[in-house]
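**Q** predicted model and sequence below, questions to follow.
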Amino acid sequence: MEEFSARDTEVSEWNVRGLADWVNLTFPLGMPEAEIVKAANSGKDDPERVCLPNGAVRVNPLPYKIVQRPETIALLWEGNTHSYRRFFLDGRAHTLDIEPESWTGQSIGKWDNDTLVVDTVGFNDKAWFDRRGTPHSEQLHIVERYTRPNYGTLVNDVVLEDPGALAHPVKLQFKARLMRPDKQTGTGDLMEFICNEDNQYGSAGGFRPGTGAGNGTNINNR
């Protein structure tokens, strides 16, 4: 994180507690191209509406689950496309030869005492930061710091850097509470969420965010 303060004099900071806070955020777009893309998107053709992934940081009100092993942590989302993220903890470096441009990027993690630090690069430019069409570029770089101040709370301090879209780095803080699974009712655990069933208007229909191409009435809009 020191590299941000060495180059930039302004940082936006937000504390995100829920979906309402996220909807009200305004990202500091700094490139004319990013402003043009957002204006063209204008909230229509949202990739999420046609079952495409949300990316790495967009908030979803549905729960997620963390599966932890010594060499890997998997973050599983109930909503959207049942997406997942992998945090590699085996000491590897970023290697983008196999998967250079993905929706959620390549995440390398390490422990700093009781804090999990996750560094993510290798994004495509197809996801949105929010439903208003705020874009990011392939230069997006995310650093996350996961801490657990008490048994029932998880805090994720996030720094976004994207010289292709953002005017300066953005700091976000997400807070999540622990859900206790009930073995009798099944509540508190991830449930089935089907987004891509009968979705002939998504990628199969030539959907391209912000262009109107392939956009139509799909199962999620009926």
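**A** In hand now; what should we look at? Numbering: from 1, shown residues only.
**Q** need the outlier residue of this protein, farthest from its centre.
**A** Q184 (32.3 Å; CA atoms, centre = their mean).
**Q** let me see the contact set for that residue.
**A** Contacts for Q184 (CB atoms under 8 Å, 6 or more residues apart in numbering) come out as none. All C-beta atoms are positioned from the backbone trio N, CA, C, and that covers glycine.
**Q** now it, what's its secondary structure?
**A** coil (DSSP: H, G, I helix; E, B strand; the rest coil).
**Q** now do E99
**A** coil.
**Q** separation between it and A165?
**A** 21 Å (CB to CB, to the nearest Å).
**Q** sorry, back to before: pLDDT wise, what is the residue farthest from the centre of the chain at?
**A** Reported pLDDT at Q184 in the predicted model: 77.
**Q** list the backbone torsions phi and psi for it.
**A** phi -80, psi -40 (degrees, to the nearest 10).
**Q** and E99 and A165? Which one has more around it.
**A** A165 (25 against 10; other CB atoms under 10 Å).
**Q** ok, the more buried one - contacts?
**A** Here A165 is in contact with L29, G30, M31, E33, A34, P135, H136, S137, Q139, L140 (CB under 8 Å, 6+ apart).
**Q** can you tell me which of the residues you listed end up in helices?
**A** Within the contacts of A165, membership in helices is found for E33, A34, as judged by DSSP state H.
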